[in-house]
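1. everything below, folded, please.
(chains A and B)
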Amino acid sequence: MKLSFVLGEIAAGLRRNLSMAVSVVLVTMISMYLLGLGLLAGRQVDTMKDYWYDRVQVSIFLCVEGSQYPSCGGKATTPDQREQVRRQLEQMKPPVKDVYYESQAEAFKRFKEQFKNSPLAEQATERAFADSFRVSLTDPGRFAVISSSFEGAPGVGRVQDQKQLLDKFFTFMNVVSWAAIALSALMVLCAMLLMATTIRQTAFSRRRETTIMRLVGASNTTIQTPFVMETVVASLLGAGLAMGLLYATVRYGVEGYLSRALLDTAFVGLSDVLAIAPWVLGGVTALAVLTSWFTLRRYLRV
Amino acid sequence: MISFDTVTKTYVKAIRPALDAVSLEVERGEFVFVVGQSGSGKSTLLRLAIREERATSGQVHVSGFDLRTLPDRRVPYLRREIGTVFQDFRLLPAKTVFENVAFALQVIGKSRAVIRQTVPETLRIVGLDGKDKRLPHELSGGEQQRVAIARAIVNKPTILLADEPTGNLDPDTSRGIVALLDRINRSGTTVVMATHDAGIVDDFRKRVVRLADGKVVSDIGSGDYGEPVGSVVPDTGLPGFGTPPGSGTPSSSGMPSGGDTPTRTMKLPRLGRRTIEPEPPPPVGRQDRDQAGRHTE
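-> Got it, this is the predicted structure:
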C-alpha cells in the first residue's frame, strides 16, 4: 500500500463527506474543550492549594475593649496575657512554623487596603479591629493543636482557621471541575456516536470501492485504514482546535486578565495546558480508533 | 484448479439449498460455461469460489487453497489469484479507465512503476488502447465491460470468474466480450463464465455445466446451451454432444465465426424453441436475436 495513495484516499474521503467531517471536528472540539476546562479547573484547585496551604494561617484574635467573646469578659487583653500567648506559641514550634503579631492599626490598614474600592472601607473604624497573632503551621492540617491550646485561654477572643474557609472554596471548585468533566463525558459520547454514524454513512456511500477492493484481494487493513484514518484526522483536528481554544483561554483569559486582576492568587498557566494536551490528543486518537474499529466490524464487510 | 466436492450451500432462512451436493472439477486452463436458469445456483457457485460465501458442507478447493480451512485474513490472497467480472461492470464512476484498472493494483500495494507498465499493457489486451483517460459513462456497455475485464486480469490471476458478463450487452458486443475471455483463456487463465446466453454458449463450443435447482444436471465437454431444465428429457448429453439436437438445421455446430449474420440466421429454429423459458425475462441480447429471427423467417 503506497502512502501517497492512502493519503489521497483519505483526503478524497474527507472532501466527499465534508459536512459530516466538519461536524465530527466541531463536536470533538467542544467536548475536548469542556474536558480541558474541567481538567484545568482541577489543576487550578491543586495550584491554589499549593499556594494557599503554604500561606494559610491560624489567627488568634485577642480581646479589645468591648469584645463580645465570653473569654474576654468585655476587657481588652493585657500586655501580660499577650506575652503569655506569644511565649506559649514560641514553645510550640515544630507544629508552629512562624508567629507574627498584627496590631490593631495594622489590621485596620490591611482592611482598608483590601476593600479600597468598597464603601465599607470608609465606614470602618480602627476600633472595630482586634489585634491578633497570625500563626503559620508546618502542616496546615494540624489546626486542632492550636485551637485546643488557645480556645478560651485568658485574653484570647477567638481562634480562626483560614484553611476551613479555603476548603469551602476548594470544594466548590472541585464540583465545578467535576461538572465540566461530566459534561464533557456526555459530549464525548455524542462525538463517538457521531463518528460511528459518519463511518456508517461513509461505508455505505463507498460500498462500490470497498466491494471492488475486496474482490481484487485488498487486505482488511487496506480497506479499513482510510475509514479509521479519516475519523482520526477529523477528531484530532477537533481536539487540536480545542487545545488551541484552551490555550487562548488561558493565555488571554487567565494570564492576560485574571492573574493581573488578582495578583495574590496563583492561577493555572500555559504549562498546564501543555501538560494536559498530550493526554487529550492521545485519548482522542484512541477513542477514534476504537470507535471506528467497532463500527467497521459491524458495518463494513471484509 | 477449482474443485467442488459434494458442496451444499443453504442460505440462512432458505427453504431449499442454493447448491445441493455439487461436485465439479475445473482443470487448469479450462474454459467452462455454467448455465442454468436464474436461481439455479450459478452465482452461488462463483461466490463460493471466491469465499464471498462459505459452503454449508462439502469441500471447495481453489488454486491450491482449501476454502473450508482458509482463515479470513488469508482470503485476500485467494482473491488475488482470481479475477472477477460481473453483469453490472462495477466500475468506479469518478475514476478514468486507467484509474479503474490501476485501482486493483494500488489496493494490493503494487508500486507505481508496476502500475505504469502493466495497466496500459492490459488495456491493449482488452482492446481499449487510447481510451485510458475516458470516464466510464463516456464508454459503451461493451467497452465498460472490457475495462472491468482489464481490472480483473491486470494482476494476472490464474482464474477468471465471470458472472453473466454479457447480461447487459447486445449480441454482437457479447460475442466480442466472450471472444476476449476466450483469448485470455488461451493465454493460460482458467475461465469460468456463468451465463444464460444461449447464443454465446452455442457459438463458442466449450465445456458446459448445467445447473438446475442447485444440482449439476449435465456436464458436457463441448456442448451447446441445450434444453432448458424442466423439459421432459433428463439431462445427460441429450441436447447434443457438440452436435445440433435432432433438428435438420445444418452446421449450427460450426466453429464460432466472426460473421455474425449468417450464424444468427442458421440458428434460428433452435433459438425460437428455447424462448419458452418462462423466467427470467431473456436478456436483451437474445430478445434481439429472436426478433431478428422472426423477421427473417
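2. ok, the residue lying closest to A:Ala128 once chain neighbours are set aside - how many residues close by?
-> Leaving aside its sequence neighbours, A:Ala128 sits nearest to A:Phe108 (CB to CB, 6 or more residues apart in numbering or on different chains; 7.9 Å). The C-beta positions use only the backbone N, C-alpha and C, and glycine is treated the same way. Neighbourhood size, A:Phe108 [other CB atoms under 10 Å in any protein chain shown]: 18.
3. give me phi/psi at A:Phe108?
-> The phi and psi values for A:Phe108, taken as degrees, to the nearest 10, are phi -60, psi -40.
4. same check, this time on A:Lys49
-> phi -60, psi -50.
5. from chain B, how far off is it?
-> 53 Å (CB to the nearest CB, to the nearest Å).
6. do the same with A:Val273
-> Separation of A:Val273 from chain B (CB to the nearest CB): 41 Å.
7. and A:Val254, by the same measure?
-> For A:Val254, the distance to chain B equals 49 Å [CB to the nearest CB].
8. for that residue, the count of nearby residues, please.
-> For A:Val254, using other CB under 10 Å, the count is 19.
9. who's in contact with it?
-> A:267-269 (CB atoms under 8 Å, 6 or more residues apart in numbering or on different chains).
10. who wins on neighbours among the residues you listed?
-> Neighbour-wise, the contacts of A:Val254 (other CB under 10 Å) top out at A:Val268, 24 neighbours.
11. so who does the residue positioned nearest the centre of chain B touch?
-> The centroid of chain B falls nearest to B:Met193 when counting by CA atoms, centre = their mean (2.0 Å). Residues counted as contacts of B:Met193 (CB under 8 Å, 6+ apart) are B:31-34, B:161-162, B:165, B:178, B:181.
12. please apply the same query to B:Thr122.
-> B:101, B:150, B:153-154.
13. now narrow the contacts of A:Val254 to whatever sits close to chain B.
-> Among the contacts of A:Val254, no residue is within reach of chain B (CB under 8 Å from any CB of the partner chain).
14. any residues of chain B in contact with chain A? List them.
-> So chain B meets chain A at B:50, B:72-73, B:76-84, B:90, B:92, B:103-104, B:106-109, B:111-112, B:151-152, B:155 (CB under 8 Å from any CB).
15. of those residues, grab the buried ones for PyMOL.
-> A single PyMOL command selects the buried members of the residues of chain B next to chain A (16 or more other CB atoms under 10 Å in any protein chain shown):
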select buried, chain B and resi 50+76+78+79+80+81+82+83+84+90+92+103+104+106+107+108+151+152+155
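16. A:Ala288 is in contact with A:Thr231, correct?
-> Yes. Look at A:Thr231 against A:Ala288 with CB atoms under 8 Å: they come within range, at 4.6 Å.
17. more crowded one of those two?
-> A:Thr231 (30 against 27).
18. so who does that one touch?
-> A:24, A:195, A:198-199, A:288-289, A:291-292.
19. that older thread, among the residues of chain B next to chain A, which are in helices?
-> Using DSSP state H, the members of the residues of chain B next to chain A that fall within helices are B:76-79, B:103-104, B:106, B:112, B:151-152.
20. out of the contacts of B:Met193, flag the one nearest to chain A.
-> Using CB to the nearest CB, B:Leu161 comes nearest to chain A of those, at 9.7 Å.
21. strands along the stretch 1-150 of chain B, start to end?
-> Listed in chain order, the strands of the stretch 1-150 of chain B (DSSP state E, counting those that start in this stretch) span B:2-9, B:19-26, B:31-35, B:57-62, B:65-66, B:82-86.
22. for the residue in the stretch 151-297 of chain B that chain A sits nearest to, phi and psi?
-> As assessed by CB to the nearest CB, chain A sits closest to B:Asn155 within the stretch 151-297 of chain B, at 6.8 Å. Dihedral angles of B:Asn155 (phi, psi; degrees, to the nearest 10) stand at phi -90, psi 10.
23. quick revisit: reformat the ones in helices among the residues of chain B next to chain A as CSV; add pLDDT.
-> Compiled in CSV, these are given as follows (pLDDT from 0 to 100):
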residue, pLDDT
B:Pro76, 93
B:Tyr77, 93
B:Leu78, 94
B:Arg79, 94
B:Phe103, 94
B:Ala104, 94
B:Gln106, 91
B:Arg112, 91
B:Arg151, 96
B:Ala152, 95
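24. just flag the most distant two among those.
-> Greatest spatial distance in those: B:Leu78 and B:Arg112, 25.7 Å, computed using CB to CB.
25. could you see whether chain B lies near the lengthiest helix in chain A?
-> Identified as the longest helix of chain A according to DSSP H is helix A:162-205. No. Figure legend: helix A:162-205 not in contact with chain B (CB under 8 Å from any CB); closest approach 11.8 Å.
26. so which elements touch that helix?
-> With contacts defined as 3 or more CB pairs under 8 Å, 6 or more residues apart in numbering or on different chains; DSSP states H and E, helix A:162-205 has these neighbours: helix A:18-55, strand A:57-62, helix A:220-248, helix A:270-299.
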